[in-house]
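> Need a 3D model of the following:
(chains A and B)
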Amino acid sequence: METDTITAISTPIGEGAIAIVRLSGPEAISITTEIFKGNDLKQVASHTINYGKIIDPQSNEIAEEVMVSVMRAPKTFTREDVVEINCHGGMVAVNRVLEIILSKGARLAEPGEFTKRAFLHGRIDLSQAEAVMDLIRAKTDKAMSVALKQMDGRLSTLIERLRQDLLETVAHVEVNIDYPEYDDVEEMSHEMMRKKTKEVHAEIEKLLQVAKQGKILREGLATAIIGRPNVGKSSLMNTLVQENKAIVTEIPGTTRDIIEEYVNVRGVPLRLVDTAGIRETEDIVEKIGVERSRQVLKESDLILFVLNYNDDLTEEDEKLFTAIQGLNYIVIINKTDLEQKLDLERVKVLAEDKPVVTTSLIEEEGVDELENAISKTFFEGEIDTGDLTYVSNVRHIQLLKQASRALEDAIDALKLEMPLDIVQIDVTRTWEFLGEIIGDTASDSLIDQLFSQFCLGK
Amino acid sequence: MTYDAGHYDVIVVGAGHAGVEAGLAAAKMGAKTLMLTLNLDMIAFMPCNPSIGGPAKGIVVREIDALGGVMAKVIDKTYIQMRMLNTGKGPAVQALRAQADKPLYIKEMKQIIENERNLTLRQGMVDQLIVENGICKGVITETNAAYSAETVIITTGTFMRGKVLMGDLEYESGPNNQRPTIKLSENLEELGFEITRFKTGTPPRVNSHTIDYSKTEIQPGDEKPQSFSYETTEYITEQIPCWLTYTNEFTHEIINENLSLSSMYSGMKRGTGPRYCPSIEDKIVRFNDKPRHQIFLEPEGRDTEEVYVQGLSTSLPESIQHEMVRSVEGLENAEIMRAGYAIEYDAIVPTQLWPTLETKKIPGLFTAGQINGTSGYEEAAAQGIMAGINAAAKVLDKEPVILDRSQAYIGVLIDDLVTKGTNEPYRLLTSRAEYRLLLRHDNADLRMTELGYQLGLISEERYAKFVEKNRLVEEEKIRLFKLIIKPSEEVNYLLEQAGATPLKEAIKAYDLLKRPELSYDLLASIIQADPKLSAEVTEQVGIQIKYEGYIKKANEQVERMLKMEDKKIPVDIDYDDISGIATEAKEKLKKVRPLSVGQASRISGVNPADISILIVYIEQGNIARLAN
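Below is the predicted model of the structure:
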């Protein structure tokens, strides 16, 4: 009956030690297989549970350690193929898995949709139908109020503004079509359309960027401390942990060891990651070469690169500089309590525009400056902390991504010099996706726009 | 006392643009049909602008033609000018528009109707319907003629309780001082129909001899011969131009100063007018920053000097109209022959109709055209042919015909009307169609001819031609798909000559055609073109290949839409029995009574959760039925 594959988190958010993401539909198993490292799920027997890892297809990073249950139709709750992914409890892990699944083409289930499918496939008997309908109603109302609460007023204002922009653009194209002789308005050109679509696209991308930063706020900034042996990496680590005893527990129910390594520096949560041993990078460059170490370091959001004030700049330091070029890093020149041997001018050249902080961690000097630098790198630009809560809802992010992609299609079509009425198809789609975010897809508003914006006769 | 005036399968009340298509379609399908009209000299009269077609509307005319209707053929025989609009844009939005010769159009249409064997044309004013046991059984005229019938189609346009307004002058009248239809409208109200009040307007006509055309810009027709009908083979070569001029600050001053004298601005509550066809008063008030508005001078025919002043639709007093007209450049000495006026009329709230255009309240009764709250000759004709088809289908015990939104603009029009209703006279716009890339001017025949043929409205000869065209298109597409073009000096020379990028490696002709800068004709100069292929075929091949990606995307959307259309809602569903549906949605559903879940989802105020619950409820009923 239904042909698409739906997914949702099917355990209460933020409660319990494990959380389950469920998929149902013809693509349930193939989508999971694509992002799963472990047994080949297409081959495993039905109703088995399989250990493995969920891989983020974008970064190729391990997103989560999971147990995956594969249940093939028809002996399942919905009578479709069903996959249940058991993740660690708490919002972060499970949301990340959900996002990855959505990016692979599954659709976020409507409230009560699993149950609805179960019913429509005859899995639930007639007497329960009433209950199904009540459930849809109740879940929808609840989801609506939750979504409304999650929706920041500023977000809806911004989305409405973007939609109005797009609507005016589309109305302009429409008026050229429906009133070809109407001369009060100049014919929309490819150039005008390109400008408008790029503007809106940039705004949507910025929102997605903010969403990413909001995610960082919730999940912590993956931070690596690197440097040669004995430059003071451990001291830095200890200082940060001691200085900021208030350990972030923004992720309720998280039971992973990693929690101990969260520190909150002036509102910036740092997650001192231990991916592929970055933290002990005594000889990372020596070990795996500049290119490889660069690949590893790329996974961190912030790199703290420690140099010794009391030592000459070595070849290894230079190699580390090469490895982190273009990444987000802060140079820390430690041990200022000792005699200067380091060529500071050279360091500044190598560090380009990145911040350079001098400290003596033993003397507890320069720690303030360091923390300032950390908070500054993160909050730089127009974004302030308040804005970071803008978009956090998975559904909203998903729709923003779809909107962004639709606009990219429009921009591509413009490059190919497609007629504007064709380009406009994707612009209208963008407008609709944005409308879904704020719950408004009434198509009549285009016609209203047309007649309020232009004085039309013939 | 009434007298028995005979029995018919279908009676059409009215012979305007809806009426003629309804009557002809029903008769051709084999129903014995009667057409009653107030005035035999006014068949398919154009009371407003002398033109047919335009964006969306022109495509509708093509669709009507491919279904076997007559509008396209008649305008092809009587136009004074023909233009293809939007030629600089994509194929989806190009459309023809013709300037009509009004008197000739009437003459031509009357002949066609007179010559239709199954169709009786008679002058007469229908006063009331014969309704027995809630079913429509015929009509009674003011001359006491009682006609019995299986089905009745009302196509009375703007005549129902029509009232002409000009300054403080107002009188009951149909358009152009014809008699209004009063009693029938009262009768419909008595029968329980919800009636709304709309208005529209028309500009003054001036004498061509009194226009100084040297002060205006010429608007000639296209040189390339074109036609609405797929069957037209002869073209009118001698065309008459239109002329363009503008209002100015003096015009606006005159209007502003006399605004209170305009019927529509005198403060009385009036019917709702269309936003897309505003009066000049509306334009000045709502867009007072515009220094000028366009005025098109359009001849009303070859053998008349009357010129339609497009853009000056008004209900100002006659004396002010003289002043206003003469303030326009080129019209300084213009003599008005007929003054402009506004007309108010009754329309039926169209959500009272099934998508077949049969009324829900009274089986056997259909309504079509402006009475359903639309505006425009093309919109009327489109409803006319569908009502004619469905009335005849009902009598002949055939399946009803409902076009969906992906099949035709006609489908969009009727679905909008019966699902959403309208709070102003409804006009088709290309933006109302979700799948307009599929609803093109060029492929109306591919979309509609098969259906027209099955209904018996398309001749064998025409159908054979259509099948052959289809075959040639498909064959040529396959040929281009298999044909590989290698980069050679000659090929690249031809490409460069045409401003296209030269080839670096071999490419399928099919893929080469997808390049935006490449036309089929250019491709044809590179490859061995098949000289037998007509322009119609190669145009089709070009469009289908070039826009393949977008067409595919649109088709995928259509597939999803059709899945929802396939989920039928039982006609006897009791919405009060469904507890979960929100109250507002329930009220709307009870009123519209959608036939499918798809239609239900298009009703404003019915949200996705309501639709989910509706699906579960319907399924529950299905399971219960199975169990019994």
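
> got a list of what the single nearest residue of chain A relative to chain B touches?
Nearest to chain B in chain A, going by CB to the nearest CB, is residue A:419, at a distance of 3.3 Å. (C-beta placed from N, C-alpha, C; glycine too.) Residue A:419 makes contacts with B:89, B:90, B:91, B:93, as judged by CB atoms under 8 Å, 6 or more residues apart in numbering or on different chains.

> and chain A, which of these contact it?
B:89, B:90, B:91, B:93 (CB under 8 Å from any CB of the partner chain).

> Look up the closest residue to residue B:212, ignoring the ones flanking it.
Closest residue to residue B:212 apart from its sequence neighbours, by CB to CB, 6 or more residues apart in numbering or on different chains: residue B:330 at 4.9 Å.

> Name the nearest residue to residue B:568, ignoring sequence neighbours.
Nearest one to residue B:568, counting by CB to CB, 6+ apart, is residue B:596 at 5.5 Å.

> What is the neighbour count of the one you found?
By the measure other CB atoms under 10 Å in any protein chain shown, the count of residues near residue B:596 is 18.

> rewinding a little: in JSON lines, list the ones next to chain A among the contacts of residue A:419 along with neighbour count, pLDDT and secondary structure.
Listed next are the ones next to chain A among the contacts of residue A:419 as JSON lines, based on neighbours: other CB atoms under 10 Å in any protein chain shown; pLDDT from 0 to 100; DSSP: H, G, I helix; E, B strand; the rest coil:
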{"residue": "B:89", "neighbour count": "19", "pLDDT": "90", "secondary structure": "coil"}
{"residue": "B:90", "neighbour count": "23", "pLDDT": "89", "secondary structure": "coil"}
{"residue": "B:91", "neighbour count": "21", "pLDDT": "90", "secondary structure": "helix"}
{"residue": "B:93", "neighbour count": "28", "pLDDT": "92", "secondary structure": "helix"}
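
> Out of those residues, flag the one nearest to residue A:304.
residue B:90 (55.1 Å; CB to CB).

> gap between the nearest residue to the closest one once chain neighbours are set aside and residue A:409?
The shortest distance from residue B:90 to any non-neighbouring residue, by CB to CB, 6+ apart, is to residue A:419 (3.3 Å). According to CB to CB, to the nearest Å, residue A:419 and residue A:409 sit 15 Å apart.

> Residue A:42 now?
31 Å.

> Neighbour count: these two, which is higher?
Counted by other CB under 10 Å, residue A:42 and residue A:409 do not tie: residue A:409 has more neighbours, with 19 against 10.

> for the more buried one, helix, strand, or coil?
Secondary structure state of residue A:409, per DSSP: H, G, I helix; E, B strand; the rest coil, is helix.

> Tell me where the model's unsure across chain B.
B:267-269, B:623-628 (pLDDT under 70).

> out of all of them, which helix in it is the longest?
Counting by DSSP state H, the longest helix found in chain B is helix B:460-482.

> if we can go back for a sec, out of the ones next to chain A among the contacts of residue A:419, the closest to chain A would be?
residue B:90 (3.3 Å).

> which residues touch the closest one?
Here residue B:90 is in contact with A:418, A:419, A:420, A:421, A:422, B:437, B:547 (CB under 8 Å, 6+ apart).

> For the fourth one, give its distance to residue B:91.
When CB to CB is the yardstick, residue A:421 and residue B:91 sit 9 Å from each other.

> Pretty sure residue B:68 sits in a strand.
No: Residue B:68 is assigned coil when assessed by three-state DSSP, not a strand.

> Setting aside sequence neighbours, what's the nearest residue to residue B:540?
Nearest one to residue B:540, counting by CB to CB, 6+ apart, is residue B:473 at 4.8 Å.

> hang on, the residue nearest to residue B:568 packs against residue B:571?
No: look at residue B:596 against residue B:571 with CB atoms under 8 Å: they stay out of range, at 11.3 Å.

> Going along the chain, name the strands of the stretch 351-500 of chain B.
B:365-367, B:484-485 (DSSP state E, counting those that start in this stretch).

> For the shortest one, enumerate the helices and strands it packs against.
Meaning strand B:484-485. strand B:507-508, helix B:509-513 (3 or more CB pairs under 8 Å, 6 or more residues apart in numbering or on different chains; DSSP states H and E).

> Which strands and helices lie in contact with the first one?
Contact partners of strand B:507-508 among helices and strands, from 3+ CB pairs under 8 Å, 6+ apart: helix B:460-482, strand B:484-485.

> Pull the number of nearby residues for the nearest residue to residue B:406 once chain neighbours are set aside.
Leaving aside its sequence neighbours, residue B:406 sits nearest to residue B:558 (CB to CB, 6+ apart; 4.1 Å). A count of neighbours around residue B:558, defined by other CB under 10 Å, yields 18.

> just residue B:451 next, same as before
18.

> right, and it touches residue B:67 too?
Yes: using CB under 8 Å, residue B:451 is in contact with residue B:67, at 6.5 Å.

> interface residues of the stretch 501-628 of chain B facing chain A?
B:516-517, B:547, B:550, B:553-554, B:563, B:578-580, B:604, B:608-609, B:612-613, B:615-617, B:619-620, B:623-624, B:627.
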